[in-house]
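>>> I would like the atomic coordinates for the input below:
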Amino acid sequence: MATEDKNRATAAALLPLVGGAANVSSIAHCMTRLRLGLHDRSLVDDEALRALPAVMGVVEDDTYQIVLGPGTVARVTPEFEQLVEEGRASKTSAPVRTAEELAGKGAALKAQQKAKNSTPFKLFLRRIANIFVPLIPALIGCGIIAGLNGLLVNLGRLTAVTPALAAMASGFMALIAVFVGYNTAKEFGGTPVLGGAVAAIIVFPGVADIEAFGQTLAPGQGGVLGALGAAVLAVYVEKWCRRWVPEALDVLVTPTLTVLISGLVTIFGLMYVAGEISSAIGTFADWLLSTGGAGAGFLLGGFFLPLVMLGLHQALIPIHTTLIEQQGFTVLLPILAMAGAGQVGAAAAVYLRLPRNESIRKTIRSAMPAGLLGVGEPLIYGVSLPLGRPFVTACVGGAFGGGFVGLFNQLGDSVGSTAIGPSGWALFPLLDGNHGLGSTVAVYAGGLLAGYVAGFVATYFFGFSKALLAEFDVSQEPVPSTVTAAGGTSAPGSGDSPAKEPAGI
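Alright, predicted model coming up:
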């Protein structure tokens with residue numbers, strides 16, 4: 001089957017299982033998930049969705065998220081969007097149910113999800129994530145080009161081409177503030193181009209002729225944090241203008257006042273303040289790993305997945321971006337990526353500890369390649385989290401992997417990533433550091449190995465109680481075992497219980 005036909009077939013299989021075109025209110029995707037806004041959650045057939053070969057799992061958050069994996073989701077989404085448009089054009093309606101049934105189920109689900117995921121703090125973090133997630137493909141592409149260029153420069157090869165590669169790799173980062181401003185204004189309900197226009201002031205070379213707080217400003221000062229603040233301010237100024245400026249003058253006055261007021265505040269306030277905050281973030285990250293070393297890495301690697309389950313990992317996205325903007329790479333991501341290594345090791349131990357449960361073993365076999373490449377949802381939601389205790393021991397594996405990388409940071413061998421998004425083996429092309437590519441790759445590979453081994457050992461010896469083994473180490477027919485979970489990731493940026501309750505942690 002041709003690739004286009006395969007992607008369209010996947011989209012066609014998904015659409016009726018989410019209630020049809022009429023039930024879809026919004027469509028988006030991140031690195032691994034198709035994110036759908038739905039009018040009525042009760043129309044979704046969860047079991048049938050999880051049974052589809054292309055579906056790795058489903059996650060319930062503020063949107064309904066179908067895990068398809070990297071690459072696949074970017075190809076299936078346009079086909080899904082086209083099918084939804086065709087369905088709406090032909091007035092295809094969602095399945096009919098009684099009003100009482102729909103109202104009862106819808107009210108219960110809405111109340112449950114609102115209680116779990118709609119706290120003001122989590123909603124704010126999701127907004128921040130929505131600003132930066134669309135930038136990840138460009139960060140990855142430019143990061144890989146930067147790594148290739150660095151390798152060629154070190155080898156002294158293709159000297160006529162390396163300047164062009166440097167321009168390709170650096171061009172996006174030089175203007176990332178503009179993209180952040182554009183996305184921020186869009187997310188907060190303003191005119192996107194006005195947000196981008198105000199944020200562009202930060203990277204304009206002419207700001208070097210301006211003094212604020214007794215200091216000469218530098219182009220780029222404040223970075224993405226300054227751009228975010230400037231664009232949010234622009235949105236509020238614009239909304240104020242829309243309320244008070246007469247309609248006849250709105251098209252002229254509102255954009256002018258928005259850029260003028262927000263621009264002045266940005267130049268004479270936000271750039272300096274955001275610059276100090278950005279510098280503090282970089283200084284703190286360096287201090288944390290140079291002094292805390294293995295201990296800091298142990299905690300970061302061990303607690304990252306619980307942060308993902310709570311949705312709090314999204315707060316790290318602007319921090320990663322700020323570090324990449326300042327230092328060329330983020331030293332935090334390789335440590336946090338060790339959480340996935342712990343999951344891989346734990347899954348291998350579960351595979352050996354449950355020799356008679358072919359259902360779980362089949363899930364592990366199918367999900368392991370994705371886990372090695374840093375796509376952790378199938379292993380988390382299909383294996384470790386439903387079992388309970390293996391999720392904890394997997395976090396222990398992540399802690400040891402993080403501690404390994406953190407130790408080398410403390411010894412002066414920094415390991416970083418030039419982009420955010422990938423993890424596991426997929427992070428190798430994006431690695432960078434201060435002691436050459438070979439040393440950086442070796443430390444990261446050592447961290448992965450430590451995470452695999454520690455996750456395996458902790459799970460094999462401490463991941464199962466006698467009751468848990470008695471419950472799950474039984475012969476079963478292979479059936480899809482991924483589970484619906486509440487919360488969302490990146491990110492792996494965050495569960496409902498499986499059909500069969502585990503014996504407990």
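>>> pLDDT weak spots in the chain?
Within the chain, the stretches with pLDDT under 70 are 1-4, 90-119, 309-312, 475-505.
>>> which helices and strands sit right next to the longest helix along it?
The longest helix of the chain (DSSP state H) is helix 437-462. Counting contacts by 3 or more CB pairs under 8 Å, 6 or more residues apart in numbering; DSSP states H and E, helix 437-462 is packed against helix 136-155, helix 332-336, helix 338-353, helix 389-410, strand 415-417, strand 431-433. (Glycine included, C-beta is placed from N, CA and C.)
>>> which residues touch Arg361?
The contact partners of Arg361, by CB atoms under 8 Å, 6 or more residues apart in numbering, come to 351, 354-355.
>>> Okay, buried residues for the strand or helix carrying it please.
Assigned by DSSP states H and E, Arg361 falls within helix 358-372. Within helix 358-372, the residues scored as buried using 16 or more other CB atoms under 10 Å are 359-364, 366-368, 370-372.
>>> cool, stretch 44-64 as well?
Neighbour counts over stretch 44-64 (16+ other CB under 10 Å) mark 44, 46, 49-50, 54-64 as buried.
>>> Considering the contacts of Arg361, which is situated nearest to Gly446?
Proximity of the contacts of Arg361 to Gly446, judged by CB to CB, is greatest for Tyr351, which lies at 23.6 Å.
>>> correct me, but the closest one touches Ile364?
Yes. Under the criterion of CB atoms under 8 Å, Tyr351 makes contact with Ile364 at 4.8 Å.
>>> okay, now Arg127: neighbour count?
14 (other CB atoms under 10 Å).
>>> Please apply the same query to Leu332.
Neighbour number of Leu332 under other CB under 10 Å is 23.
>>> try the one 4 residues further on
A count of nearby residues for Leu336, using other CB under 10 Å, gives 31.
>>> Please tell me I have it right and it contacts Leu300.
Yes. Here Leu336 reaches Leu300: they are 6.0 Å apart, a contact under CB under 8 Å.
>>> Give me the common contacts of those two.
Joint contacts of Leu336 and Leu300 (CB under 8 Å, 6+ apart) are Gly402.
>>> Next, the contact list for the nearest residue to Arg242 once chain neighbours are set aside, please.
Nearest non-adjacent residue to Arg242, counting by CB to CB, 6 or more residues apart in numbering: Thr254, 6.3 Å away. Neighbour list for Thr254: 238, 241-242, 245 [criterion: CB under 8 Å, 6+ apart].
>>> so which of the residues you listed comes closest to Pro192?
Using CB to CB, the contacts of Thr254 come closest to Pro192 at Glu238, 10.9 Å.
>>> The closest one reaches Phe188, doesn't it?
No. Here Glu238 does not reach Phe188: they are 9.9 Å apart, not a contact under CB under 8 Å.
>>> residue boundaries of the strands in the stretch 1-150 of the chain?
Along the stretch 1-150 of the chain, counting by DSSP state E, counting those that start in this stretch, strands occupy 24-29, 33-38, 57-60, 64-67.
>>> Export the third one to PDB, keeping only CA atoms.
Extracted in PDB, the C-alpha atoms of strand 57-60 (Å, rounded to 0.1, in the frame of the first residue of the first chain):
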ATOM      1  CA  GLY A  57      -2.300   4.500  23.000                       C
ATOM      2  CA  VAL A  58      -4.800   7.200  23.900                       C
ATOM      3  CA  VAL A  59      -4.500  10.000  26.500                       C
ATOM      4  CA  GLU A  60      -7.300  12.200  27.900                       C
END
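>>> Name the strands paired with that strand and say parallel or antiparallel.
If you go by DSSP bridges, strand 57-60 pairs up with strand 64-67 (antiparallel), strand 485-486 (parallel).
>>> Kindly report the same for the second one.
Listed by DSSP bridges, the sheet partners of strand 33-38 and their directions read strand 24-29 (antiparallel), strand 64-67 (antiparallel).
>>> Comparing those strands, which comes out most buried?
Comparing the strands paired with strand 33-38 by mean neighbour count (mean count of other CB atoms under 10 Å), strand 64-67 comes out on top with a mean of 26.
>>> what's it in contact with?
Contacts of strand 64-67 (CB under 8 Å, 6+ apart): 14, 18, 32-38, 41, 44, 49, 55-59, 375, 377-378, 381, 488.
>>> Kindly report the same for stretch 429-444.
140, 143-144, 146-147, 150-151, 154, 328-329, 334, 404-405, 408, 412-419, 422, 427-428.
>>> Show the buried residues in those residues.
Buried among those by 16+ other CB under 10 Å: 140, 143-144, 146-147, 150, 328-329, 334, 404-405, 408, 413-419, 422, 427-428.
>>> wait, what's in contact with Leu299?
399, 402 are the contacts of Leu299 under CB under 8 Å, 6+ apart.
>>> Give me the secondary structure label for it.
helix (DSSP: H, G, I helix; E, B strand; the rest coil).
>>> where's it relative to Pro53, distance?
The gap separating Leu299 from Pro53 is 38 Å, by CB to CB, to the nearest Å.
>>> what does Met271 give?
51 Å.
>>> And for Gly69?
12 Å.
>>> And Gln327, by the same measure?
Distance, Gln327 to Pro53, using CB to CB: 42 Å.
>>> I'd like to know which of the strands of the stretch 1-150 of the chain is closest to Ala454.
Across these, closest to Ala454 is strand 57-60 (CB to CB), at 24.7 Å.
>>> hmm, back to that, export the strands of the stretch 1-150 of the chain to JSON lines and tack on distance to Ala227?
Shown next, in JSON lines, are those (distance: least, CB to CB, whole Å):
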{"stretch": "strand 24-29", "distance to Ala227": "22"}
{"stretch": "strand 33-38", "distance to Ala227": "24"}
{"stretch": "strand 57-60", "distance to Ala227": "30"}
{"stretch": "strand 64-67", "distance to Ala227": "28"}
